[in-house]
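1. Structure for this input, please:
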Amino acid sequence: MVTRASKKGPNRGNRTVLTGWSPLLYSSRRQFQRRAFGMEIYLRKRAVRQIRLSATDAIEEGDTDTLREDIMDAFNDEQIEEIERRIDSGDFYEFVSDVLDEWAGDEVDDLFEILEQALSDVDVEVKYNDPEFDDDEEEEEDEEEDLDDYDVEEPAEEEL
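-> Okay, the predicted model is just below:
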């Protein structure tokens with residue numbers, strides 16, 4: 001049993017009693033933060049599609065620079081900053097490069113599995129369907145498809 005007395009605040013002198021062994025008590029502050037505060041990242045459908053296209057191109061051409069940029073573009077600045085706080089190197093570019101180095105370059109699904117695993121190692125869960133944006137995105141796609149269904153005829157030029 002571990003006890004700790006509060007030194008500040010209105011509850012001065014109260015004791016917090018922690019019973020049992022907890023790995024959080026014996027880990028560093030950074031590891032505590034990693035375990036205590038998980039993070040969920042929702043990747044939009046368009047970003048996933050773009051990564052898939054770039055991964056297919058990388059498989060065919062062997063160039064991963066565009067793929068690296070597309071993976072980085074899939075995350076917003078806040079997400080990148082939070083991931084950088086959680087990874088040991090502190091550099092998201094290097095993190096993505098390590099993921100691409102680990103990827104054999106054979107299948108696109110393997111890339112997503114490696115990316116998910118690398119992010120889960122730093123307590124970041126990747127999800128692909130954000131319920132907040134799904135309806136909006138589907139409506140936009142439906143509107144685009146509806147516009148494609150109609151043929152717009154150019155008015156015929158009148159001859160003089």
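2. which non-adjacent residue is nearest Gln50?
-> Sequence neighbours aside, Asp70 is the residue nearest to Gln50 in space, at 5.1 Å (criterion: CB to CB, 6 or more residues apart in numbering). Glycine gets a C-beta too; all of them are placed from N, C-alpha and C.
3. for Ala118, what are its contacts?
-> Ala118 sits next to Phe95, Asp98, Val99, Glu102 when contact means CB atoms under 8 Å, 6 or more residues apart in numbering.
4. measure Ile80 to Ile87 for me?
-> For Ile80, the distance to Ile87 under the criterion CB to CB, to the nearest Å works out to 11 Å.
5. more neighbours, the two?
-> For Ile80 against Ile87, the residue with the higher neighbour count under other CB atoms under 10 Å is Ile87, and the figures read 18 against 15.
6. State the pLDDT value of the more buried one.
-> The predicted local confidence for Ile87 comes out at a pLDDT of 86.
7. Tell me who's in contact with it.
-> Shown here is Ile87, whose contacts under the criterion CB under 8 Å, 6+ apart are Phe95, Val122.
8. in what helix or strand does the residue nearest to Gln50 lie?
-> Applying DSSP states H and E as the criterion places Asp70 in helix 65-73.
9. Now do the buried residues in that helix.
-> Using 16 or more other CB atoms under 10 Å as the burial criterion, the residues of helix 65-73 that qualify are Leu67, Arg68, Asp70, Ile71.
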